[in-house]
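Colleague: predicted model follows, preceded by the sequence.
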Amino acid sequence: MVVIRLARGGSKKRPFYNLVAADSRNRRDGRFVERVGFYNPVGGEGSETLRIALDRVKYWTDNGAQLSPSVARLVKEYSAKVSAAA
């Protein structure tokens, strides 16, 4: 089963997460099928902290992918921000 989840990157005390579509049997930071965005929780002022390709997330969910709880929260937050800006 494909799951869209956060894969941790960055260095110690400076996390950076990629939103990836991956097989659920693979490790958290292991092999993935597609990168659909990123989340930088410690991004400073003026830097982009969240970007998600909503069309690709929709494609994967339409084809049976599950969202992890944290990714579902981020997608909801990002889609509200995008719709408010448009």
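Modeller: Cool, the structure landed. Computed from a prediction, not measured in an experiment: that's the story for all the values here. Residues are numbered from 1 along each chain as shown.
Colleague: beta partners for the residue most central in space within the chain?
Modeller: With distances taken as Cα atoms, centre = their mean, residue 19 lies nearest the centre of the chain, 2.6 Å away. Applying DSSP bridges to residue 19 yields these beta-bridge partners: residue 6, residue 37.
Colleague: isn't it right up against residue 74?
Modeller: Yes. The pair residue 19 / residue 74 is scored as a contact, 7.3 Å apart, by Cβ atoms under 8 Å. All C-beta spots, glycine's among them, are computed from the backbone N, C-alpha and C.
Colleague: which residues touch the residue nearest to the centre of the chain?
Modeller: Shown in contact with residue 19 (Cβ atoms under 8 Å, 6 or more residues apart in numbering): 4-7, 35-39, 52, 57, 71, 74.
Colleague: make JSON lines out of those and add neighbour count and pLDDT.
Modeller: JSON lines is the format used below for the contacts of residue 19 (neighbours: other Cβ atoms under 10 Å; pLDDT from 0 to 100):
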{"residue": "4", "neighbour count": "26", "pLDDT": "98"}
{"residue": "5", "neighbour count": "22", "pLDDT": "97"}
{"residue": "6", "neighbour count": "20", "pLDDT": "98"}
{"residue": "7", "neighbour count": "19", "pLDDT": "97"}
{"residue": "35", "neighbour count": "14", "pLDDT": "98"}
{"residue": "36", "neighbour count": "23", "pLDDT": "97"}
{"residue": "37", "neighbour count": "21", "pLDDT": "97"}
{"residue": "38", "neighbour count": "19", "pLDDT": "97"}
{"residue": "39", "neighbour count": "20", "pLDDT": "97"}
{"residue": "52", "neighbour count": "21", "pLDDT": "98"}
{"residue": "57", "neighbour count": "23", "pLDDT": "97"}
{"residue": "71", "neighbour count": "22", "pLDDT": "98"}
{"residue": "74", "neighbour count": "21", "pLDDT": "97"}
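Colleague: can you tell me how far the closest residue in space to residue 56 that isn't next to it in sequence sits from residue 44?
Modeller: Excluding its sequence neighbours, the residue lying closest to residue 56 (Cβ to Cβ, 6 or more residues apart in numbering) is residue 36, at 4.6 Å. According to Cβ to Cβ, to the nearest Å, residue 36 and residue 44 sit 24 Å apart.
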